[in-house]
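>>> Show me the folded form of this:
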Amino acid sequence: MTNLPTFAGSPGERALAEQIHELLRQQGRFFSSDAPLRQHLSNLVTYFAKRLNVSPDAAAKQVNAALQANPAIFALEAVKVVVDDNEAEDIVERDDTMVTTGINGAYVAFHVDASHSLSARLYEPEHPLPIDDMSVVITTTRPIMPKIDPVYVSDYWLNGSSEISETGDEALEDVESFGEEEPIPAIAQPGIKSPSVRSSDAQRINLPQGISIDLAQPTATIMALHGDAIVSAMRGVIEKDSTKRIAIFGNQTAYEHDVRSFSKNDLRQITEYIENEIGAPVEDTDILVNVLRVNRRAADFEKQRFALNFRMLKDLEFVGVAGANLWATRKLLDKVGANKRFKSADMAGFVNHLEEGFDDSTTVTTVEAIQAKGSVTHTLTFFEWEYGILPLTDALAAILPNPVINRQSAAVVQFEVPQLESFSVSINMRFPVGNRGGWLQGFEEFFRDVLVPGAILTFKRTSKPNVVSVTYAEADERTEQLLYIDDSKKKSKFAFGELHINCEVDEDMLPTQLAVGRIRRIKFFEISERKNINTLIDHIFMGFGEEVGTKQEPVYRMSFEQLFNVMSIYRSITRSYLMHALHEAENCRVANNASGLWDCRADEVVNERSGGGFDRHGDDDDDE
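Model prediction:
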């Protein structure tokens, strides 16, 4: 049974106080009889302003008067209210008043009388027994049994622990978190030290890469000179640790048992979201928010972001860069920049020489100068234009993002062309792995529709980590008969067609009919047949070279630059690699060093390697 209280004040104040009490009683109609009924004063003012059809200020004055007239029934307490507005960038607090009452009137807090309890009577008797009788001594706590966790020691430290340099360890402790993209709240950064082998001088340590570090230098100087090597050594030790106690993603680490796990259903939903809903690589933050429903403003958001990136390494393809953690499925990655005209294995064979020491892209401009400038210039070859690829040379790599994780095979980078409004293309950047070179694929539409072979491109970094700007110098439009590959029939062949040129080009690299018309005399090599550079050299000499030998011993002569220009039609090539191949070929020799002429005895060799297929005196205008 409910006994309503008696309200005080003027008739209007009593009526309003009764309505407020009735409103709070309706709010707590399912509460227990001794539960407090609470509501913010601002909410009451808003409610009665609409009900009484008065302004909020007038309603606030009437509600305050009714509450203050009945202090025995309503308790008022000043509180802070957090305003959680999704459109607001910051969380805002404002002052408010909490109104508290009870179902029968004033709320009386429940109080537990512990003055006469079982525990007091049991453990604090009125007449305790003498302490010398140990059988009556009762303890309320159990002794804590210490738990000894097994200590796992890596084989590396077991084999070389006696050689660890104490000086080196102390110096490296200051740089354990070097290169972190951003701090992860509540994630412990374990004290993993990179391997340091004691040298004869106690002030120096040697890293596995063969780098010797003088520890007498300031830490900032050491990190500036050898930071990448130290981080690489630390990362290698962590990844080789057989116990797998440390979770690592990029340059971020945490104890593995503290990292959240995700169920198979979570991974299935993430896969479906990437493939079916988005259809493109997705950032880790979007996966957390849209799939796993994690609030961006959650205190542990960065911790969960690290856990997501670490756990997805086993099931999905990481295609991001530093500052943009993108994820895709293998099926989706194969579609980015896909080109059915060549296989990845074939393309890898064309760029292997870049990893073998024949990358001469930084001969004129060093990597440091390119990075300081933030841009690099590249001349487009026919092979690159035809197939929409670019070799990942040291010059291009200087402005492009680096891999984030070890053994990262690819990254998806956006290339924007400011001269073409709202035009951008997603490029599949394949990183070098082992002795296999790297390349970028997916430019075919842009190159074929806008540019011509020989076009001069400028690549420039932008403020976004995964976006690169591409520009070209515009020129007055002209028309030329240029080389292209005719795939209209079952058997492909070289052909010439009229193409419009509206950009600046390197005339030596422009494949006009006048410059490379003789290429139609040479056998057309399929993409898989172009890996053998010696065979290509022989055919090019026979097709373009000047005959300087005899009928019994035919010899052909041509300049190195002409040979390079024609070779760049068939495959990706550098001048240093072509020069190396010429020196290694037994049938080629220097004819004139000053003018860069080379002689090649190719007739017999070509017939042995290709079984003929060569028309030395054919008509340039006849079809094959």
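>>> rest of the way, CA atoms for contacts and neighbours
Will do.
>>> So which bits of the strand ranked longest in the chain are buried?
Assignment by DSSP state E gives strand 474-486 as the longest strand of the chain. Residues of strand 474-486 classed as buried under the neighbour-count rule (16 or more other C-alpha atoms under 10 Å) are 482-484.
>>> what residues are up against the closest residue to T379 other than its chain neighbours?
Distances taken as C-alpha to C-alpha, 6 or more residues apart in numbering put I456 closest to T379, at 4.6 Å, once the chain neighbours are dropped. By C-alpha atoms under 8 Å, 6 or more residues apart in numbering, the contact list for I456 reads 377-380, 472-473, 504-506.
>>> Only the buried subset of the residues you listed, as a PyMOL command please.
Remark: buried members of those, expressed as a PyMOL selection using 16+ other C-alpha under 10 Å:
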select buried, resi 377+378+380+472+504+505
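>>> what's the closest of the contacts of I456 to S422?
Using C-alpha to C-alpha, Y472 comes nearest to S422 of these, at 15.9 Å.
>>> Would you mind confirming that the closest one is in contact with A455?
Yes. Counting by C-alpha atoms under 8 Å, A455 is a contact partner of Y472 at 7.5 Å.
>>> Can you work out which residues contact both of these two?
503-504.
>>> Count residues in the vicinity of the residue nearest to L288 when sequence neighbours are not counted, would you?
Leaving aside its sequence neighbours, L288 sits nearest to V294 (C-alpha to C-alpha, 6+ apart; 5.5 Å). V294 has 17 neighbours, counted by other C-alpha atoms under 10 Å.
>>> can you give me phi and psi for V294?
phi -100, psi 130 (degrees, to the nearest 10).
>>> how close does it sit to T285?
Distance of V294 to T285, computed by C-alpha to C-alpha, to the nearest Å: 9 Å.
>>> Looking at the buried residues of strand 474-486, which is nearest G442?
Once C-alpha to C-alpha is applied, the member of the buried residues of strand 474-486 that ends up nearest G442 is Y484, at 18.3 Å.
>>> what sits against the closest one?
So Y484 contacts 386, 494-497 (C-alpha under 8 Å, 6+ apart).
>>> The closest residue to A280 other than its chain neighbours: what's it in contact with?
Of all residues beyond its chain neighbours, the one nearest A280 is I274 (6.5 Å), with distances taken as C-alpha to C-alpha, 6+ apart. Residues near I274 by C-alpha under 8 Å, 6+ apart: 280-282, 328-329.
>>> Next, find the distance separating I274 from P391.
Note on I274: its distance to P391, by C-alpha to C-alpha, is 29 Å.
>>> Need the phi and psi values for A594.
phi -60, psi -40.
>>> Count the neighbours of it for me.
So A594, with other C-alpha under 10 Å, has 7 neighbours.
>>> From K531, how far off is the closest residue to A338 other than its chain neighbours?
Excluding the flanking residues, the one nearest A338 by C-alpha to C-alpha, 6+ apart is G442, at 6.5 Å. G442 sits 21 Å away from K531 when distances are taken as C-alpha to C-alpha.
>>> ok, these two, which is more surrounded?
G442 (21 against 18).
>>> In contact with that one, which residues?
By C-alpha under 8 Å, 6+ apart, the neighbours of G442 are 336-339, 388-389, 425-428.
>>> give me that answer again for 7 Å
337-338, 388-389, 427-428 (C-alpha atoms under 7 Å, 6 or more residues apart in numbering).
>>> Which single one of those is nearest to R51?
The shortest approach to R51 among these belongs to I427, at 61.9 Å (C-alpha to C-alpha).
>>> show me where the stretch 301-450 of the chain has strands.
Ranges of strands in the stretch 301-450 of the chain, per DSSP state E, counting those that start in this stretch, are 317-318, 326-328, 375-379, 389-391, 410-416, 424-430, 439-441.
>>> where does the stretch 451-600 of the chain have low pLDDT?
Along the stretch 451-600 of the chain, no part satisfies pLDDT under 70.
>>> give me the number of residues near N593?
8.
>>> so who does the residue nearest to Y387 when sequence neighbours are not counted touch?
Closest residue to Y387 apart from its sequence neighbours, by C-alpha to C-alpha, 6+ apart: E444 at 5.8 Å. Neighbouring residues of E444 by C-alpha under 7 Å, 6+ apart: 385-388.
>>> I figured P511 was touching L483, is that so?
Yes. Counting by C-alpha atoms under 7 Å, L483 is a contact partner of P511 at 5.6 Å.
>>> circling back to that earlier point, what's the spacing between the residue nearest to L288 and K303?
According to C-alpha to C-alpha, V294 and K303 sit 11 Å apart.
>>> Give the residues shared as contacts by the two.
Counting by C-alpha under 7 Å, 6+ apart, V294 and K303 have no shared contacts at all.
>>> how far does stretch 518-534 stretch from start to finish?
19 Å.
>>> Equivalent analysis for stretch 553-568, please.
28 Å.
>>> Pull out the buried positions in that stretch.
For stretch 553-568, by 16+ other C-alpha under 10 Å, it's 555-560, 562-568.
>>> which SS state does T100 fall under?
Recorded secondary structure, T100: strand (DSSP: H, G, I helix; E, B strand; the rest coil).
>>> That one and A75 touch, don't they?
Yes. Using C-alpha under 7 Å, T100 is in contact with A75, at 5.0 Å.
>>> Which one of those two is surrounded by more residues?
T100 (21 against 18).
>>> about what we covered before: would you convert the buried residues of stretch 553-568 into CSV that also reports secondary structure and distance to E355?
Compiled in CSV, the buried residues of stretch 553-568 are given as follows (DSSP: H, G, I helix; E, B strand; the rest coil; distance: C-alpha to C-alpha, whole Å):
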residue, secondary structure, distance to E355
V555, coil, 33
Y556, strand, 31
R557, strand, 30
M558, strand, 28
S559, strand, 27
F560, helix, 23
Q562, helix, 25
L563, helix, 23
F564, helix, 20
N565, helix, 22
V566, helix, 23
M567, helix, 19
S568, helix, 18
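>>> Output the buried residues of strand 474-486 in a markdown table, with distance to A324 appended to each entry.
Listed next are these as a markdown table, based on distance: C-alpha to C-alpha, whole Å:
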| residue | distance to A324 |
| --- | --- |
| L482 | 40 |
| L483 | 40 |
| Y484 | 38 |
